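Trainee: One predicted model, sequence on top.
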Amino acid sequence: MSERLAASAALAVLVVGCGGVDPEPPTPSAGVASTTVPSARGGVPDLNQPEEVATGIDVPWGLAFLPEGAALVAERDSGRVLRVTPGRAPESFAVIPGVVARGEGGLLGLALAPDYAESRSVYAYFTAADDNRVVRFRQGEPPAVVFAGIAKAGNHNGGRIAFGPDGMLYVATGDAGDRELAQDPASPNGKILRLTPDGAPAPDNPAPGSPVYSSGHRNVQGLAWDRAGRLFAAEFGQNRLDEINLVEPGRNYGWPAVEGAGGADRGFTDPLLTWPTAEASPSGIAIAGDTLYVAALRGERLWAATISGTELVDPRDLFRGVHGRLRTVEVAPDGALWLTTSNTDGRGDSRPGDDRILRFPAR
């Protein structure tokens with residue numbers, strides 16, 4: 001493993017030195033839906049009747065579901081983690097110390113440990129004073145760093161984290177505005193990383209001792225697996241094309257040499273689907289059955305496409321301009337689709353009640 005990546009992994013046992021979780025976090029100023037419609041597990045999300053699960057959320061970013069169906073939601077700029085339960089007012093769950101929210105940075109992705117029912121451990125990706133990092137915490141206890149040393153910037157911080165079907169932690173990073181980092185094997189930036197729950201490089205990664213799973217990424221903010229266990233990722237393009245990629249170990253997705261398709265004859269892997277940047281700027285993605293959903297920021301819409309073998313077909317856009325900028329989409333344990341807006345992030349037009357969390361029950 002390179003000295004640079006080894007230094008990051010060596011921080012796995014350190015505790016964040018900014019104090020513990022605030023025992024009495026501020027009360028969220030958020031609204032709530034009074035009732036919710038039951039959802040049929042395994043059904044198809046009904047996109048015709050959205051429910052507002054919560055309103056007044058401060059730039060919601062990461063979203064992870066608790067076993068009982070409530071969700072933990074990260075507020076990017078405040079550093080708070082909220083517990084959002086349908087039919088109840090949001091509650092403070094934790095405040096992550098050391099979050100530095102500037103530009104696109106702040107408290108970003110959330111993920112629950114695979115053994116959450118026993119360990120009660122939650123993972124968070126955030127921008128700190130000197131870097132982007134991943135921490136692990138339990139409610140009421142200070143976080144411990146599991147991986148650090150991911151370069152930060154005003155934009156291209158990546159930030160989505162998720163546990164895969166293999167029990168490993170996948171971490172989506174950006175190039176932090178330094179495009180050459182995406183092709184630098186010694187840098188964790190512009191990569192998808194694959195770690196053990198303790199933050200070490202997964203033992204069967206493409207390069208022994210390296211956390212890197214795939215490279216050549218500009219800014220990945222969406223990760224999702226289909227029922228065959230295949231990993232899909234959403235990536236921001238620069239000026240021309242945003243991408244959805246089928247991510248395989250050791251593959252190089254071309255940035256900065258290639259934006260969009262056209263790199264296959266140069267040893268790069270082409271995306272499955274692209275859009276002009278004005279129509280997408282894709283952040284979170286989710287898969288329900290054979291449908292992949294993509295939350296679009298600049299495009300202010302929800303994209304849906306059908307997974308057919310190794311292709312994504314029949315792309316269609318939903319809610320164009322209806323809810324504004326969309327950041328995160330996830331499938332709940334009951335099959336409902338949850339969607340967050342991002343109109344208070346400094347780039348959108350904030351509306352009364354923003355930002356909000358929408359729920360679409362499955363039928």
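Mentor: Nice, I can see it.
Trainee: need the helices for the stretch 51-200 of the chain, in chain order.
Mentor: 116-119 (DSSP state H, counting those that start in this stretch).
Trainee: mind listing what's buried in stretch 123-139?
Mentor: 123-128, 131-138 (16 or more other C-beta atoms under 10 Å). No exception for glycine: its C-beta is placed from N, CA and C like everyone else's.
Trainee: Regarding that stretch, how distant is the last residue from the first?
Mentor: 11 Å (C-alpha to C-alpha, to the nearest Å).
Trainee: Stretch 250-259 too?
Mentor: 19 Å.
Trainee: What are the buried residues along that stretch?
Mentor: For stretch 250-259, by 16+ other C-beta under 10 Å, it's R251, N252, Y253, G254, W255, P256, V258, E259.
Trainee: Okay, now the unreliable bits of the protein?
Mentor: Residue ranges of the chain with pLDDT under 70: 1-35.
Trainee: let's see 50
Mentor: The model of the chain has pLDDT under 50 over residues 3-4, 6-30.
Trainee: So for it, the centremost residue is which one?
Mentor: For the chain, the residue nearest the mean C-alpha position is R160 (2.7 Å; C-alpha atoms, centre = their mean).
Trainee: what residues are up against that residue?
Mentor: G62, L108, G109, Y125, A172, V220, Q221, G222, L223, S283, G284 (C-beta atoms under 8 Å, 6 or more residues apart in numbering).
Trainee: try it again with 10 Å
Mentor: 61-62, 108-111, 125, 170-173, 192, 220-224, 233-234, 283-285, 328 (C-beta atoms under 10 Å, 6 or more residues apart in numbering).
Trainee: likewise V99?
Mentor: Contact analysis of V99 by C-beta under 10 Å, 6+ apart lists 18, 74-80, 105-108, 124, 126-129.
Trainee: For L110, which non-adjacent residue is spatially closest?
Mentor: G62 (3.3 Å; C-beta to C-beta, 6 or more residues apart in numbering).
Trainee: residue contacts, the one you found?
Mentor: Taking C-beta under 10 Å, 6+ apart, one finds 71-76, 81, 107-111, 122-126, 159-162, 284, 327-328, 330, 340 in contact with G62.
Trainee: Take those residues and keep only those in strands.
Mentor: 71-75, 81, 107-111, 122-126, 161-162, 284, 327-328, 330, 340 (DSSP state E).
Trainee: thought S283 was touching T328?
Mentor: Yes: between S283 and T328 there is a contact under C-beta atoms under 10 Å: 6.5 Å.
Trainee: Find residues that contact each of these two.
Mentor: Among the neighbours of S283, those also in contact with T328 (C-beta under 10 Å, 6+ apart) are W61, R160, Q221, G222, A295, T340, S342.
Trainee: and the fifth one, what element?
Mentor: What it means is A295. Assessed by DSSP states H and E, A295 sits inside strand 291-296.
Trainee: partners of that strand in the sheet?
Mentor: Strand 291-296 sits in its sheet next to strand 282-288 (antiparallel), strand 301-308 (antiparallel), going by DSSP bridges.
Trainee: okay, those, which one's buried deepest?
Mentor: Of all the strands paired with strand 291-296, strand 282-288 has the most neighbours on average by mean count of other C-beta atoms under 10 Å, namely a mean of 24.
Trainee: ok now that strand, how far from the chain's centre?
Mentor: Distance of strand 282-288 from its chain centroid, counting by C-alpha atoms, centre = their mean, to the nearest Å, is 9 Å.
Trainee: Stretch 226-236 too?
Mentor: Relative to its parent chain, stretch 226-236 has a centroid offset of 12 Å by C-alpha atoms, centre = their mean.
Trainee: Next: stretch 49-68.
Mentor: Relative to its parent chain, stretch 49-68 has a centroid offset of 14 Å by C-alpha atoms, centre = their mean.
Trainee: Would you point out the most distant pair within the buried residues of stretch 123-139?
Mentor: Taking C-beta to C-beta as the measure, those span a maximum distance of 23.0 Å, between D131 and R138.
Trainee: Wait, G106 touches N155, no?
Mentor: No: using C-beta under 10 Å, G106 is not in contact with N155; the gap is 11.9 Å.
Trainee: So for the two, which residue has more residues nearby?
Mentor: Taking neighbours as other C-beta atoms under 10 Å, G106 and N155 compare with G106 leading, 24 against 15.
Trainee: how close does the more buried one sit to V73?
Mentor: For G106, the distance to V73 equals 13 Å [C-beta to C-beta, to the nearest Å].
Trainee: Over to L326?
Mentor: Taking C-beta to C-beta, one finds L326 at 14 Å from V73.
Trainee: May I see the buried residues of stretch 250-259 arranged in TSV, with secondary structure and distance to P188 as well?
Mentor: TSV is the format used below for these (DSSP: H, G, I helix; E, B strand; the rest coil; distance: C-beta to C-beta, whole Å):
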residue	secondary structure	distance to P188
R251	coil	17
N252	strand	15
Y253	coil	15
G254	coil	18
W255	coil	15
P256	coil	17
V258	coil	21
E259	coil	21
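Trainee: Which single one of these is nearest to G348?
Mentor: The closest of the buried residues of stretch 250-259, once distances to G348 are taken by C-beta to C-beta, is E259, at 24.5 Å.
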